[in-house]
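Participant: from the sequence below, what's the structure:
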Amino acid sequence: MQKTSLLFVTVSVLCLFSCSRNKEEATRSFYLGVTPWPADFTLAEVNKAYQFIREDCDLVSHHFDEGIPYEEAFYNRPIPARLVQDVGFRKSNTAAGKKILLSVSVLDLTRKQRAGYYTDTAAGITDSVLAYWRQLPFNDPSTVTAYVNYIRYLVDELHPDYVNYGVESNTDGWDVVQFSRYKSFLSQCYTQLKAAFPDLPFFVSFMVYETPSALSLSRELLPYTDYIAVSAYPYTTVSSSANGNTDPALFPADYFSRFAELDPSKPFVFAETAYIAEDLQVPSFSLNKQGTLAWQKAYFEKVAAFCQQRNALFLVWFCYKDYDAANTTLQGLGLFQDLFKLWEDTGLVDENGQARPVLQSWRNWRQRTFRH
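Facilitator: Numbering: from 1, shown residues only. Got it, this is the predicted structure:
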């Protein structure tokens with residue numbers, strides 16, 4: 001009798017453990033999304049990007065990285081027509097029911113100084129006006145007002161669920177004085193934006209890298225962020241890839257957790273990430289990294305598992321398709337920078353439209369029952 005009872009209890013415990021594990025494996029805590037960054041600057045490719053979002057995503061990340069219309073925003077004047085058109089196109093092509101992440105870069109592409117004026121050739125904006133806004137300190141009240149008004153415009157138009165108002169804020173290239181002003185700027189913006197939209201999460205994102213200042217600068221900005229948000233492209237900088245081998249299995253054990261643990265009480269998100277599926281060679285950045293289909297898939301599985309473990313809210317892969325063609329177009333227009341090569345071959349789909357193995361992993365995770 002005792003043996004029978006013990007067997008029954010043992011079987012019951014094993015069953016409960018198995019059911020619990022199966023339930024966990026059948027669910028996910030986080031939304032999956034991409035930006036609508038297209039493979040080329042044609043209507044056909046833009047439409048394909050939005051089609052992918054409609055069919056394979058829970059979330060769209062609307063990322064604005066082209067400067068700020070300071071004068072128009074400060075005086076609440078009409079926003080530049082090209083920007084209005086861009087916002088309108090995004091609105092009309094974002095499918096109902098998708099979560100929306102609004103990401104705005106108040107820093108330029110160096111991520112260590114203030115973004116320039118949105119399209120310096122904007123109609124009616126004189127050189128003297130451009131010079132005026134360039135010379136203002138980062139934390140000048142006029143700069144704060146202009147940026148807050150710009151964010152308010154985008155929020156009112158796009159109705160986002162989340163707002164990254166300080167994209168990639170922790171680069172180790174910051175000048176000490178400039179970073180102090182930037183921190184002051186964020187503190188003023190955060191206070192005003194939270195007052196205007198008390199129920200909307202506002203956060204800044206941190207680049208994941210291993211230099212000593214990466215965490216210390218991030219820690220200084222914790223009072224001005226509702227989430228711990230990371231921007232991660234490890235194949236460029238992770239210490240384990242020093243010899244060019246970017247196998248994610250070789251990452252330091254605490255590579256992501258160091259950031260997630262900056263403040264465990266705050267929700268964790270991947271504001272943007274991606275991984276190369278082909279070799280990356282950019283001599284001007286001294287980059288010669290190996291990329292493979294298997295490592296790209298392994299990286300996605302690694303970050304998805306980390307998101308699940310940390311009960312993350314969302315995971316954004318930057319672009320769904322390789323954009324070789326877009327870079328060729330930019331070269332033809334004289335607008336290309338070597339920097340743009342860094343993410344060219346990170347798509348879930350290659351430049352020819354062929355699905356990579358990572359796409360099936362993406363779809364497998366998305367098929368799980370959402371449990372937030």
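
Participant: nearest residue to the middle of this structure?
Facilitator: Glu272 (2.5 Å; Cα atoms, centre = their mean).

Participant: residues touching it, list them.
Facilitator: Applying Cβ atoms under 8 Å, 6 or more residues apart in numbering to Glu272 gives the contacts Thr35, Ser61, His63, Ser103, Ser205, Ser231, Ala232, Val316, Trp317, Phe318. In this view, the C-beta of every residue, glycine as well, is placed from N, C-alpha and C.

Participant: repeat that for Phe318.
Facilitator: Taking Cβ under 8 Å, 6+ apart, one finds Val34, Thr35, Trp37, Glu272, Thr273, Ala274, Trp343, Thr346 in contact with Phe318.

Participant: please apply the same query to Gly33.
Facilitator: Going by Cβ under 8 Å, 6+ apart, Gly33 touches 53, 57-61, 98-99, 101, 314-317.

Participant: and it, backbone torsions?
Facilitator: Backbone torsions for Gly33, taken as degrees, to the nearest 10, come to phi -160, psi 170.

Participant: am I right that Thr236 is in contact with Leu342?
Facilitator: Yes - the criterion here is Cβ atoms under 8 Å, and Thr236 meets it with Leu342 at 6.2 Å.

Participant: any common contacting residues for those two?
Facilitator: Leu280, Phe285, Leu287.

Participant: isn't there a strand covering Phe203?
Facilitator: Yes - counting by DSSP: H, G, I helix; E, B strand; the rest coil, Phe203 is located in a strand.

Participant: tell me the spacing between it and Asp226.
Facilitator: Distance of Phe203 to Asp226, given as Cβ to Cβ, to the nearest Å: 5 Å.

Participant: pick out whichever of these two has more residues nearby.
Facilitator: Phe203 (24 against 16; other Cβ atoms under 10 Å).

Participant: for Ser218, the count of nearby residues, please.
Facilitator: 23.

Participant: distance between the ends of stretch 108-116?
Facilitator: Its first and final residues considered, stretch 108-116 spans 7 Å by Cα to Cα, to the nearest Å.

Participant: surely Gln308 meets Leu32?
Facilitator: No - Gln308 sits out of contact with Leu32 when judged by Cβ under 8 Å, with a separation of 11.8 Å.

Participant: more neighbours: those two, which one.
Facilitator: More neighbours surround Leu32 than the other of Gln308 and Leu32, with 23 against 19 (other Cβ under 10 Å).

Participant: what ranges in the stretch 251-372 of the chain fall below the confidence cut-off?
Facilitator: Within the stretch 251-372 of the chain, the stretches falling below the threshold (pLDDT under 70) are 372.

Participant: hey, where'd the strands end up in it?
Facilitator: Using DSSP state E, counting those that start in this stretch, the strands of the stretch 251-372 of the chain run over 268-273, 280-282, 287-289, 314-317, 369-370.

Participant: Asp338 is nearest to which of those strands?
Facilitator: Nearest to Asp338 among those is strand 280-282 (5.5 Å), distances taken as Cβ to Cβ.

Participant: list the buried residues of the closest one.
Facilitator: Residues Leu280, Val282 are the ones in strand 280-282 that count as buried (16 or more other Cβ atoms under 10 Å).

Participant: what pairs with it, parallel or antiparallel?
Facilitator: Strand pairing for strand 280-282, determined by DSSP bridges: strand 287-289 (antiparallel).

Participant: any idea where the strands of the stretch 51-200 of the chain begin and end?
Facilitator: 59-64, 99-104, 162-166.

Participant: want to try JSON lines for the ones you listed, with distance to Thr211 as columns?
Facilitator: Supplementary listing: the strands of the stretch 51-200 of the chain in JSON lines, determined by distance: least, Cβ to Cβ, whole Å:
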{"stretch": "strand 59-64", "distance to Thr211": "25"}
{"stretch": "strand 99-104", "distance to Thr211": "23"}
{"stretch": "strand 162-166", "distance to Thr211": "19"}
